[in-house]
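[1] sequence and computational prediction follow.
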Amino acid sequence: MTLKMLLSIYTVVLAAFGIPFLVVPSVSMSLYGVPALDALETILVQDIGAAAIGLGVLCWAARTAEASKARDALILGVTVVNGLWALVAVLAGITDAANWLVWVDAAGFSLLTVLFIVTGRQAMSAATAGGGSSAGP
């Protein structure tokens, strides 16, 4: 899989995840078995949705970027975000904070983490992959 394809797919995933969290947070959380949200919980879920949409826009814009340290940083950040989202989903599943659907999230975010590790390493710029600087003597 190419980095461009992965970033394109990831943008769609983030939109599908983020838009409902932003627009209908109580409905979105009810799918996970979470009871009605209070005002603060609603805002926090909407913040998650907004962050997912923003990350999706960033990935969409970067999907055609040439290899660079900036693109490498984006890949690293996206990898860490997915790893942390997977960890949070696993913790939610273990503590019964949500229903079985959280395990789907855990699996999906884990898969995305692995895909970004593998695809990201293959697409890293030569300067970053070699550990050196691209500046001359």
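    Arrived safely.

[2] hey, where'd the helices end up in this protein?
    Here the chain has its helices, by DSSP state H, at 3-23, 25-30, 39-62, 69-94, 101-123, 126-129.

[3] okay, the ones you listed in TSV with mean neighbour count next?
    Where you see a C-beta, it was placed from the backbone N, CA and C, and this is true even at glycine. Putting those into TSV (neighbours: other CB atoms under 10 Å) gives the following:
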stretch	mean neighbour count
helix 3-23	17
helix 25-30	16
helix 39-62	16
helix 69-94	17
helix 101-123	17
helix 126-129	14
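
[4] need those in JSON lines (columns: mean pLDDT).
    Compiled in JSON lines, those are given as follows (pLDDT from 0 to 100):
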{"stretch": "helix 3-23", "mean pLDDT": "97"}
{"stretch": "helix 25-30", "mean pLDDT": "96"}
{"stretch": "helix 39-62", "mean pLDDT": "97"}
{"stretch": "helix 69-94", "mean pLDDT": "96"}
{"stretch": "helix 101-123", "mean pLDDT": "95"}
{"stretch": "helix 126-129", "mean pLDDT": "53"}
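
[5] contacts only, for Ser8.
    Trp60, Arg63 (CB atoms under 8 Å, 6 or more residues apart in numbering).

[6] any idea how far the residue most central in space within the chain is from Val88?
    Taking CA atoms, centre = their mean, the centroid of the chain lies closest to Asn82, which sits 4.5 Å from it. As judged by CB to CB, to the nearest Å, Asn82 and Val88 stand 11 Å apart.

[7] one more: Pro35?
    19 Å.

[8] and if you look at Gln122?
    27 Å.

[9] doesn't Phe109 make contact with the residue nearest to the centre of the chain?
    Yes - using CB atoms under 8 Å, Asn82 is in contact with Phe109, at 4.9 Å.

[10] got the contact list for the nearest residue to Ala106 once chain neighbours are set aside?
    Taking CB to CB, 6 or more residues apart in numbering, and ignoring the residues beside it in sequence, Ala106 has Ala89 as its nearest neighbour in space, at 3.7 Å. Contacts for Ala89 (CB under 8 Å, 6+ apart) come out as Val102, Trp103, Asp105, Ala106, Phe109.
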